[in-house]
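Peer 1: heads up, no residue letters with this:
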């Protein structure tokens, strides 16, 4: 019962990471490479657990958000540049998720000029007019709706023997540059900077104590595993249908539409509903993460539990992000793809630096006391950082 009281931040952060961009990446991996990249979900899951657990631990032990700790330990200048990069990366991500809302709602016959403003209003009301507890309950319900991807994955009747073989006896194809680029994309869409800021800030706002640390750790681990199961079924659904029939796609919405002639309207609508749900969730959480990090970094009051007069900057920034992102998506012929590429570049540069700061902070005994990393954990964590640096460099190389 205690775990149920503590659960939330880890599960929400990991699952909502499968946003419009994440659904698109997993769909492309399955549609273009079949089952051959499914093996990557295992090391990716381990890496995400390592990073998320460190941030969760810092939130529980210090009672402060990540931006707070960076500002207090490394100064305002470094914090400012990190927050500036975070702002632009997250803004591009929020815009892409409102684009996901627009694309998926149009599959259901709702024009984006109605669907996007309506979604923006629902998101704004859920956060601004609610409390942390009510907002978290809504986000947890949204997480449950991700099971639509498991249902769609089962309905396409995949070759489970081949899926199992590719998980445990993978057929690597590193000679293919397209295969390597897609692998980099899978890693890049899994460990995003916004996740670390949101997870730690939400743990602090929820008031999780040291006594409940083990439950918070379980929250992170279980959330990450469930999220990657959802990712698996997205890849399986597209591999079993689109790849099998030689159909190429560019977006998650393309994947949903392409499923209709192969497996019927129900599966198409189910996949589109999953995209809509994922986009709505991320369009709620990423603005919150951005607002938390900016307010913490600037030393301003923040939190969903605070009223407007207690944390005006928090609510102004959150509202601004929602309004600007929704309006951008409504602009005809706006270069959304270019914006996503630019955000990938900034994300690729920022992520390794952020991971290094996280590792330096979590190993400070004056901050963490007896909860610093063990030598074994540090080895795994630094290995993860090195791999992320190499992959991020590879991503930048492929973009340029």
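Peer 2: Now that the structure is in, tell me what you want to look at. This one's a predicted model, so the numbers in the text were calculated from it and none came from an experiment.
Peer 1: can you point me to the longest helix in this protein?
Peer 2: Longest helix in the chain, counting residues (DSSP state H): helix 265-298.
Peer 1: Check which element follows it along the chain.
Peer 2: helix 312-330 (DSSP states H and E).
Peer 1: ok, and what's touching that following helix?
Peer 2: If you take C-beta atoms under 8 Å, 6 or more residues apart in numbering as the criterion, helix 312-330 is touched by 90-91, 94-95, 97-99, 101-102, 112-113, 116-117, 119-120, 123-124, 127-128, 283, 287-288, 290-291, 294-295, 298, 300-303, 306, 308, 334, 336. Yep, even glycine has a C-beta here, placed from its N, CA and C like the rest.
Peer 1: How about stretch 274-282?
Peer 2: 15-20, 22-23, 93-94, 97-101, 103-105, 108, 119, 122-123, 139, 142-143, 145-146, 148-149, 152, 234, 252-253, 256.
Peer 1: Mind doing that once more with 7 Å?
Peer 2: 16, 18-20, 23, 97, 100-101, 104-105, 119, 139, 142, 145-146, 148-149, 152, 252-253, 256 (C-beta atoms under 7 Å, 6 or more residues apart in numbering).
Peer 1: returning to that earlier point: quick one: buried ones out of the contacts of helix 312-330?
Peer 2: Buried subset of the contacts of helix 312-330 (neighbour count, 16 or more other C-beta atoms under 10 Å): 90-91, 94-95, 97-99, 101-102, 112, 116, 119-120, 123-124, 127-128, 283, 287-288, 290-291, 294-295, 298, 302-303, 306, 336.
Peer 1: could you give the angle of the helix or strand encompassing residue 202 to helix 265-298?
Peer 2: Secondary structure assignment for residue 202, by DSSP H and E: helix 193-206. Orientation of helix 193-206 against helix 265-298 (axes from the mean of the first three to the mean of the last three C-alpha atoms, to 10 degrees) gives an angle of 70 degrees.
Peer 1: can you give me the helices for the stretch 1-150 of the chain?
Peer 2: 2-6, 9-16, 20-33, 41-62, 66-74, 76-107, 112-128, 132-144, 147-155 (DSSP state H, counting those that start in this stretch).
Peer 1: just to revisit the earlier point, elements contacting the helix holding residue 202?
Peer 2: When contacts are defined as 3 or more C-beta pairs under 7 Å, 6 or more residues apart in numbering; DSSP states H and E, helix 193-206 sits against helix 9-16, helix 41-62, helix 66-74, helix 76-107, helix 265-298, helix 336-362.
Peer 1: Can you tell me what sits against the third one?
Peer 2: Contact partners of helix 66-74, identified using C-beta under 7 Å, 6+ apart, comprise 55, 58, 62, 78-79, 82-83, 196-197, 200, 293, 296-297, 357, 361.
Peer 1: among those residues, which ones are buried?
Peer 2: Among these, the ones that count as buried by 16+ other C-beta under 10 Å are 55, 58, 62, 79, 82-83, 196-197, 200, 293, 296-297, 357, 361.
Peer 1: Check these against residue 223 and report the nearest one.
Peer 2: The closest of the buried ones among the contacts of helix 66-74 to residue 223 turns out to be residue 55 (C-beta to C-beta; 12.6 Å).
Peer 1: can you count the residues close to residue 310?
Peer 2: As a burial measure, residue 310 scores 12 neighbours (other C-beta atoms under 10 Å).
Peer 1: OK, contacts around it?
Peer 2: residue 301.
Peer 1: Next, find the distance separating it from residue 287.
Peer 2: According to C-beta to C-beta, to the nearest Å, residue 310 and residue 287 sit 19 Å apart.
Peer 1: Please determine how far residue 8 is located from residue 133.
Peer 2: Taken as C-beta to C-beta, the span from residue 8 to residue 133 is 9 Å.
Peer 1: Which one's more surrounded, the two?
Peer 2: Remark: of residue 8 and residue 133, residue 8 carries more neighbours, 24 against 11, as counted by other C-beta under 10 Å.
Peer 1: Run through the residues that contact the more buried one.
Peer 2: By C-beta under 7 Å, 6+ apart, residue 8 lies in contact with 136, 140, 206, 219.
Peer 1: What subset of these is buried?
Peer 2: 136, 206, 219.
Peer 1: Dump those residues to a markdown table, plus pLDDT and distance to residue 328.
Peer 2: Putting the buried ones among the contacts of residue 8 into a markdown table (pLDDT from 0 to 100; distance: C-beta to C-beta, whole Å) gives the following:
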| residue | pLDDT | distance to residue 328 |
| --- | --- | --- |
| 136 | 79 | 28 |
| 206 | 86 | 32 |
| 219 | 90 | 34 |
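Peer 1: Make JSON lines out of these and add distance to residue 43.
Peer 2: Below are the buried ones among the contacts of residue 8 laid out as JSON lines (distance: C-beta to C-beta, whole Å):
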{"residue": "136", "distance to residue 43": "30"}
{"residue": "206", "distance to residue 43": "30"}
{"residue": "219", "distance to residue 43": "22"}
